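Student: What follows is a protein structure lacking sequence information:
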């Protein structure tokens, strides 16, 4: 194997990359293994066919991400690009140098006349740059490549690294350079999981690696005849894979999965830490088996020696940063920041690095029992932990926990822990052993607030910039905008201020929650408006927002051309980047095609819910709509694991405020949006139907301007047309009131069926209109009960909210000869204004009230009469059709009067008076 050419190894990798199917890929790996290792033609267990050293030499190149002997090379794509520029002595201003540095930028990679490359794929760009610069042949062997990579890995001095790298890349072909780059970046992307390769290598290889996290030691163990791991035992001084919690969104299943009872622990926002104590020495390892003793050892060693009585032990827990003044734990990202500052300055006494211990994996008490206790049930391990740890020091603590058996126990724990500002709940089966490196929902489950609808903040944000997608698969994310910089208004803006410069607050970036199809729609819609972001000359509205380089987008967009997104976020917190605030765990809930760019949240709305959700929220609002693969032990319980096909199948009831109410949800821009509101209806105790029937109480319009909604309004208004429509053929014999979704959302927030007000209505039947009129005026102001300050503000904010008036509309009004003859004492005197179906809370109702108030003669006609009549425009009166927009079908029949015109004339009149 020592003399096996590295080019042969690269050739087999190219074939594996292009081949589909795990078995087919493994067959190619095995064929290379036999040829390179001169192994027998029939390999039973590859690990025993050659020496451990030879196996390790190949596996560390095939699986560089598992090679802990050769840690990170301390560089990513940008650092590697700079090395290539330096080694090949490229002019820093040359096209190829810029190509390597801006490997994500499609405007650079796809220039005419250049070798094409895939933007966002570093290796594709590197291949295009190196195509005419590398040797056609190579003499490097696998052993030589490993030796050079070892030297590069341990060398820190810049010039020496450059010299070693020069020796590697100048002796390699283009293909070899690409694979060496992949090994350095530990991004092989072969379409072959490391678990599959290790299982092929030896039946116990995967378990051995999870136990020791050493590829070299795994090769040595697996070479031994008869080596099999029957039970997993932790070894002192060697990092073991930590047990992992599985996400669960169905509370009802947990008591079934853990029928013997469970422990409920708070979920912390910290860094997982496995601590090995051997006498007076300690070692710290991360969840990925990285040695972090140099980071946390100096802060924890004294406290550990004081509080842990066991001579030798392995503990599992989380490192947290405790704020003494606040009496609370800081956020996860503050831990490493604090550690880095502590290297150069004296520690602040107000902060303590704290180790929160929740399990013990190994304890040597010099008794006739094995030191590894991972096979013991959790309740036994908890008792052992209490016996060896005395948490009298503020830096060493035992995690608090409660015992439970029912769903109510889980809900109560969730509310208690959220009230105490923890992240969520971890549910652990008290009868199960510790599973190394595995997730099993019969052993450990995690529950976080953002798994529940009622515990998530939602905000309407505007896309302000975009980040180019990176990766190596053919998706709509690669080389195109895939993550978006999002922001909100500093303050709400008035109608007349929309054309002036407004201030925007950047609150983060979002890249999840939408499908590939939705992303394609966004990319297509925004493509004409993207502008490259220049750090030296940022756009005016973003100049003061981005305080650090990692928040700078690749492109920016004028707000007036952008799109509003509704996002979910668990928390709003102060941030060192963006504009001082950032949303945590944001994900897109909906793309608001119906909203205009200025209809987004403000800074006041963002900071109002600045704390994590409190226990006053119900945790019953459970999301269970994700498809789950059937678990073998539940096959006889099909009703528990069947994939939901109807809204009522994936929404557990969290309230009965809409008990029995039948709603039909229409006007959605996507199936995802429709299902979201249908699920919400079922969670509140209601029912949904897919078309309007006799039993339907209300129609729920997600977007009032959607064509389905406007057609439905037209059908309800025109009985002759409705008889012919599908509504009648489906058994709906009478019109149904159409409500906006804000009514449903208010019901959710107040946990009761709220009274329907004009602001909730798209179109109302006569019965609902009369019912509303007995309670309030057209603005929603109650006749019978006084309003408080907040309600008054809301009422006033809903009054006289004009749409923007285009310049052409203003010119029409200015040039209208009738306006010059109007007596402003009665603004619309001598006018006859024709409106259809007035009083059913249509879009034109508010304007109709206004023109009537200012002296016009209001003529209310049904739609069919408006279409049939030809009004006499030559009379001494001025006849106008009051319509929702100037492009109305009635424009050809005579003068039209839009809502915008009415607002404009009334505003002039008021200002004149």
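Tutor: Arrived safely, thanks for sending. Quick caveat: nothing in here was measured; it's all calculated off a predicted structure.

Student: tally of neighbours for the closest residue to residue 37 other than its chain neighbours?
Tutor: Nearest in space to residue 37, with sequence neighbours left out and distances taken as Cβ to Cβ, 6 or more residues apart in numbering, is residue 50 at 4.3 Å. Backbone N, C-alpha and C define where each C-beta goes, glycine included. Using other Cβ atoms under 10 Å, residue 50 is surrounded by 21 other residues.

Student: Can you give me the pLDDT of residue 50?
Tutor: In this model, residue 50 is scored at 85, pLDDT.

Student: Could you grab the helix/strand/coil label for it?
Tutor: Of the three states, residue 50 takes coil according to DSSP: H, G, I helix; E, B strand; the rest coil.

Student: same deal with residue 85?
Tutor: helix.

Student: Which residue is the nearest non-sequential neighbour of it?
Tutor: Leaving aside its sequence neighbours, residue 85 sits nearest to residue 97 (Cβ to Cβ, 6+ apart; 5.0 Å).

Student: Could you report the neighbour count for that neighbour?
Tutor: Neighbours of residue 97 using other Cβ under 10 Å come to 19.

Student: hmm, who's touching whichever strand or helix holds it?
Tutor: Residue 97 belongs to helix 95-101 when assigned by DSSP states H and E. Residues outside helix 95-101 that contact it (Cβ atoms under 8 Å, 6 or more residues apart in numbering): 78, 81-82, 84-85, 90-91, 108-109, 111, 114, 117, 125-126, 128-129.

Student: mind listing the helices for the stretch 1-150 of the chain?
Tutor: 6-18, 22-37, 52-62, 77-87, 95-101, 106-109, 122-130, 142-154 (DSSP state H, counting those that start in this stretch).

Student: Residue 89 versus the residue nearest to residue 85, what's the distance?
Tutor: Computed as Cβ to Cβ, to the nearest Å, the residue 97 to residue 89 distance reads 10 Å.

Student: Run through the stretch 451-600 of the chain and note the low-pLDDT ranges.
Tutor: The stretch 451-600 of the chain contains residues with pLDDT under 70 at 451-457, 470-479, 494-501, 544-550, 570-571, 576, 585.

Student: Grab the nearest non-local neighbour of residue 523.
Tutor: residue 480 (5.5 Å).

Student: which ones are touching the one you found?
Tutor: Going by Cβ under 8 Å, 6+ apart, residue 480 touches 106, 119-120, 468-469, 523.

Student: thought residue 188 was touching residue 178?
Tutor: No: counting by Cβ atoms under 8 Å, residue 188 does not reach residue 178; the two are 11.0 Å apart.

Student: which of the residues in the host helix or strand of residue 459 are buried?
Tutor: Per DSSP H and E: residue 459 is located in strand 457-468. Residues of strand 457-468 classed as buried under the neighbour-count rule (16 or more other Cβ atoms under 10 Å) are 457, 459-468.

Student: so where do the helices sit in the stretch 301-450 of the chain?
Tutor: Along the stretch 301-450 of the chain, the segments classed as helices by DSSP H, counting those that start in this stretch run 333-342, 378-388, 407-419.

Student: quick one: which of the ones you listed is nearest residue 16?
Tutor: helix 333-342 (36.6 Å; Cβ to Cβ).

Student: Would you work out how far apart the start and end of stretch 425-439 are?
Tutor: Distance across stretch 425-439, first residue to last, is 16 Å (Cα to Cα, to the nearest Å).

Student: Any buried residues in it, and which?
Tutor: 425-438.

Student: Next, format the residues you listed as a markdown table and append pLDDT and distance to residue 384.
Tutor: Shown next, in a markdown table, are the buried residues of stretch 425-439 (pLDDT from 0 to 100; distance: Cβ to Cβ, whole Å):
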| residue | pLDDT | distance to residue 384 |
| --- | --- | --- |
| 425 | 92 | 23 |
| 426 | 95 | 19 |
| 427 | 96 | 21 |
| 428 | 96 | 15 |
| 429 | 95 | 17 |
| 430 | 94 | 14 |
| 431 | 93 | 15 |
| 432 | 93 | 15 |
| 433 | 93 | 13 |
| 434 | 93 | 12 |
| 435 | 89 | 18 |
| 436 | 86 | 18 |
| 437 | 83 | 22 |
| 438 | 84 | 22 |
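
Student: In strands, which of these fall?
Tutor: Under the assignment DSSP state E, those contribute 425-429 to strands.

Student: which of the contacts of helix 95-101 are buried?
Tutor: 81-82, 84-85, 90, 108-109, 117, 125-126, 128-129.

Student: for the residues you listed, which one is nearest residue 588?
Tutor: Relative to residue 588, the closest of the buried ones among the contacts of helix 95-101 is residue 109; by Cβ to Cβ it sits at 27.2 Å.

Student: ok, residue 740 touching residue 701?
Tutor: Yes: the criterion here is Cβ under 8 Å, and residue 740 meets it with residue 701 at 6.0 Å.
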